[in-house]
Structures are given as structure tokens and as C-alpha cells.
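S.K.: sharing a sequence plus its predicted fold:
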Amino acid sequence: MTSGMSQLDLFGQPVLAAAEGTGTRPRAARNAGGLGPAAVSPALIELGRSLPPALYLGTSSWSFPGWAGLVYDRSADPSRLSREGLVAYARHPVLRAVGIDRTFYSPLPAAAFARHAAQVPDHFRFLVKAPSACTSAVVRSEGALPVANDRFLDERVAIDQFIRPALEGLGRKAGPLVFQFSPLGRAWTRVPQRFADALDGFLDAVRAEEPDALLAVEVRDPEVLGPAFFAALAGHRVRYCIGVHARMPSVQAQAQRARLAGPGPLVVRWNLHSGFGYDEAKARYEPFDRLVDEDPVARAALAALACDTLGAGDAVYVIANNKAEGSAPLTLTRLAEAVRGRFHAGTAAGPVG
């Protein structure tokens, strides 16, 4: 096949073809002054080809200059990468998804989502975070005490400012729409049933108008992870998003509890290495161009969960942050290798356990 062309992998997914020779960037990606994908090795291309089509691995954003040579063919400032980098990002053989986190701080209109969707292939998926306007129990402003958020769990914010614009703009490229709840505070965690009941009512109102979206809930308070919480998710066909985070139990512990929500797609956000705060991890890991603190325990647990889910016929979405191990693209490449080995071994031997 001519270099620089796309080809179909073993599962019918388009994969970036290698250029003539080894480890060079496809000719079609070379253009005067434009951002292109990084050089791809034959081994990385083969890894991408070998992954199950329902495995969607992606980073929490795509605007990191330190990814030159990993994702991009050159360094560029974050603003340029934000505008122009997604096309090159989506040509990485392993990265079939990406997170959109900026919506947590400010909603995006459908037209902005549509611009993102137009830059990626059909098999690509987006994980989008809900605005904090409906997921933060309190409002914090500099120099003032936190006050109760009167729009907390407001279904109109969720539907009008989040779900509908995302679905309209992304279309079939929409992946999980995640409600990430920041630490709720003692008023909620002291009586977990209170949050479970409020969440149940919120999800009931949302599902009444948006019955088909893939929704997920992520929390930062292990205290709320009880039967009533998972019953609320199961009752409204909402997935639990495993949050790999210093505040939360291990991947295995969360997965064990999440069985109460029933079978379905696996949604994971690999956020932060255990034992670090965000600022500490950022200072330790920048410019995010190498793995610094690998987490083989979390990786193995996620690979096992992914294979179990894929074996059951459901999709897997894993979004990784640079602060998980030091470099999100490399974290996901290692995870992809672990999934490939386990999945194909399980396929050959029978059901993955």
C-alpha cells in the first residue's frame, strides 16, 4: 500500500499507514508549516491494528507542547495545539478518543462540538465533562467563603447546557457524557442516602428528556459509594465512571462496588497518581514527555476490567491524564499493550476472567 494512505486494520478500523522505511511520518501528513502527527513506528502501528474496535483510549486534552515526537511532529504553543492539534492527534494509532474537560468550567455550544467532530474520523469518540454549575455542591470564589450552589443537580443546566449541545454537535462521535462531582462536603457525605436520593431524582428528570445518551457519574467521595448510589445509576441506565485518583479507593475496590450498577460499558478516568496532589504532580511531570511514576497495579487492574468488558460485548472508554504517570500518551500505549496481551490470550483460551 502506498505510504501516507489509510488502511483498514484487522477489525475494520482505519489505521495510519507507515511511510516508506521505518518510523517516519506519512508523506500525506507533511505540509508547509502545518502541524502533523509524530513519526510512528511499525510496532506502534501494529499495536493500534491489534486492538479491539470497541476499545477507546484517549487523553484528557490534546494541547501539550511536550508531546512533540509522541503525538505531534513539532512543538507548538498550547493555543495553537488547541486550535489545530486535534487532526494530528486523531492520527495516532492508539488514541481513538479524547476528553473535553473545558466544559466543566464553561459550557460549549453545539457548533463548537461540531468543529471538533469534523476533525476526527468516524471511529473516534469524545468523552465530555458536565459543567460544574450542576455538579458542584458549593460555589467558590476567590477571597470569599464557599456558598451553597442553587443550581446543584439542576436538570435544566444538564440538559440545555451540556447533553443536548454535545449530542447535537458530536453526533455519533459522542462517547460518555460524564457528571464529575467534586468533593461534596460533610453535609452530603455524612448521610450518603441524601446524595443518592438527590442523584436519583436528577437522573430521573434527565432521562425523561434524554433517554439514549451514554451517561456516567464520577465522584470524589468514597463515602457515597453505597448500594443506594449504585441503585440510582442502575435504575436510570447510567454508568459508574471509575476515577483513578488519590482520594478514591483502588481500581479493584471501585470495580467491585460498581457491579451493583449492572453490566454495560466501562468508563474510566485515570486522573492522578496515588499520593500526589494535582499541583505537585504537574510540577513533577512537566513537560509530560516521559513516564515518571509508573503505576503497574492500576494498569493491570484496568487491563483486566477492559478485557472482561470487551469479552461481554460492551465498549471500553479510558481517558488518561498526564498526572497519572507523567505522560498520558505513553500511559495509554502501555495500557494498550497490556490489553492486547490479555485480550488475545483470553480469546485464544476462552472467556477472559
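M.R.: Cool, got the structure.

S.K.: so for stretch 240-248, mean pLDDT?
M.R.: Averaged over stretch 240-248, pLDDT sits at 96.

S.K.: wait, Thr331 touches Ile319, no?
M.R.: No. Between Thr331 and Ile319 there is no contact under Cβ atoms under 8 Å: 10.5 Å. Where C-beta positions appear, they are placed from N, C-alpha and C, glycine not excepted.

S.K.: list the residues that contact both of these two?
M.R.: Common neighbours of Thr331 and Ile319 (criterion: Cβ atoms under 8 Å, 6 or more residues apart in numbering): Trp270.

S.K.: higher neighbour count, the two?
M.R.: Legend: neighbour count by other Cβ atoms under 10 Å for Thr331 and Ile319, higher for Ile319 (30 against 25).

S.K.: contacting residues for Asn321?
M.R.: Asn321 neighbours (Cβ under 8 Å, 6+ apart): Thr59, Ser60, Arg269, Trp270, Asn271, Leu272, Ala328.

S.K.: turn these into JSON lines, including neighbour count, secondary structure and pLDDT.
M.R.: What follows is the contacts of Asn321, written out as JSON lines (neighbours: other Cβ atoms under 10 Å; DSSP: H, G, I helix; E, B strand; the rest coil; pLDDT from 0 to 100):
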{"residue": "Thr59", "neighbour count": "27", "secondary structure": "strand", "pLDDT": "98"}
{"residue": "Ser60", "neighbour count": "20", "secondary structure": "coil", "pLDDT": "95"}
{"residue": "Arg269", "neighbour count": "26", "secondary structure": "strand", "pLDDT": "98"}
{"residue": "Trp270", "neighbour count": "28", "secondary structure": "strand", "pLDDT": "98"}
{"residue": "Asn271", "neighbour count": "22", "secondary structure": "coil", "pLDDT": "96"}
{"residue": "Leu272", "neighbour count": "22", "secondary structure": "coil", "pLDDT": "93"}
{"residue": "Ala328", "neighbour count": "29", "secondary structure": "helix", "pLDDT": "98"}
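
S.K.: then Pro176 would be within a strand, right?
M.R.: Yes. Assignment of Pro176 by DSSP: H, G, I helix; E, B strand; the rest coil places it within a strand.

S.K.: surely it and Leu214 touch.
M.R.: Yes. With contact defined as Cβ under 8 Å, Pro176 reaches Leu214; the gap is 5.0 Å.

S.K.: give me the common contacts of those two.
M.R.: Counting by Cβ under 8 Å, 6+ apart, the common neighbours of Pro176 and Leu214 are Arg239, Pro265.
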